[in-house]
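J.: pasting the sequence and the predicted coordinates here, then a few questions.
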Amino acid sequence: MTDVALRPWARDDLGLLVRNNAPELMEHLGGPESDEKLVARHARYLRGWRDGSSHMYAIVTPEHPEGVGAIGFWPRDEGDRPMYEVGWAVQAPYQGRGYAHAALALLIEAAHAADASRPIGAYPRVGNEASNALCRRAGFVLEGVEEFEYPKGTWLESNVWVLPAPEAGTA
């Protein structure tokens, strides 16, 4: 497996968030965000660790301790089915090296450690072939297609991938 670790989001990670805001990375999310929105997102990621509303991580390697991307999970209520939603971004120069797959495997472990009764959902855009392939490879099940508003005012067609919660006693 690729030598990847997850480091909880830290005050010094604003630069990582700025690098993750590149047009080629934001293509499936409605385009790059303004500096003001990035600062607010960074504050939200930090607050998430303090209040338990989210768990965002920098994806790091021994060669790149500053981070090659970001990944995280947060609670989402899908009707009567509480779950964790996951999201990720790996910077273009580091794509295709297995970093996203390794980071997602670690994130799934962290989410199951937080609450093994919750399934995990991912919502990549229909046209995001790499993220859809990652979901498939990680064992998620495609449940359908829905439109999601992200960012506010932009509706995007997304696949709904779900990784069922581990069966009792196997987490």
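T.: Looks like it came in fine. Residues are numbered from 1 along each chain as shown.
J.: which intervals of the protein have sub-threshold pLDDT?
T.: Along the chain, segments meeting pLDDT under 70 span 1, 23, 28, 150-152, 167-171.
J.: show the contacting residues for the closest residue to residue 122 other than its chain neighbours.
T.: Among residues not flanking residue 122 along the chain, residue 161 sits closest, at 4.5 Å (C-beta to C-beta, 6 or more residues apart in numbering). C-betas here are computed from N, CA, C, even on glycine. Contacts for residue 161 (C-beta atoms under 8 Å, 6 or more residues apart in numbering) come out as 121-124, 132, 135-136, 140-143.
J.: doesn't residue 161 lie inside a strand?
T.: Yes: applying DSSP: H, G, I helix; E, B strand; the rest coil, one finds residue 161 inside a strand.
J.: can you show me the helices along this protein?
T.: For the chain, applying DSSP state H gives helices covering 14-19, 23-26, 35-51, 99-114, 129-137.
J.: between the ones you listed, which one is nearest to residue 154?
T.: helix 23-26 (11.2 Å; C-beta to C-beta).
J.: re earlier: buried only: go through the contacts of residue 161 for me.
T.: With burial judged by 16 or more other C-beta atoms under 10 Å, the buried subset of the contacts of residue 161 is 121-124, 132, 135, 140.
J.: of the residues you listed, just say which sits nearest to residue 31.
T.: Of the buried ones among the contacts of residue 161, the one sitting nearest to residue 31 (C-beta to C-beta) turns out to be residue 124, at 16.2 Å.
J.: just confirm that closest one contacts residue 135, I think it does.
T.: Yes: Residue 124 lies in contact with residue 135 (C-beta atoms under 8 Å); the separation is 6.6 Å.
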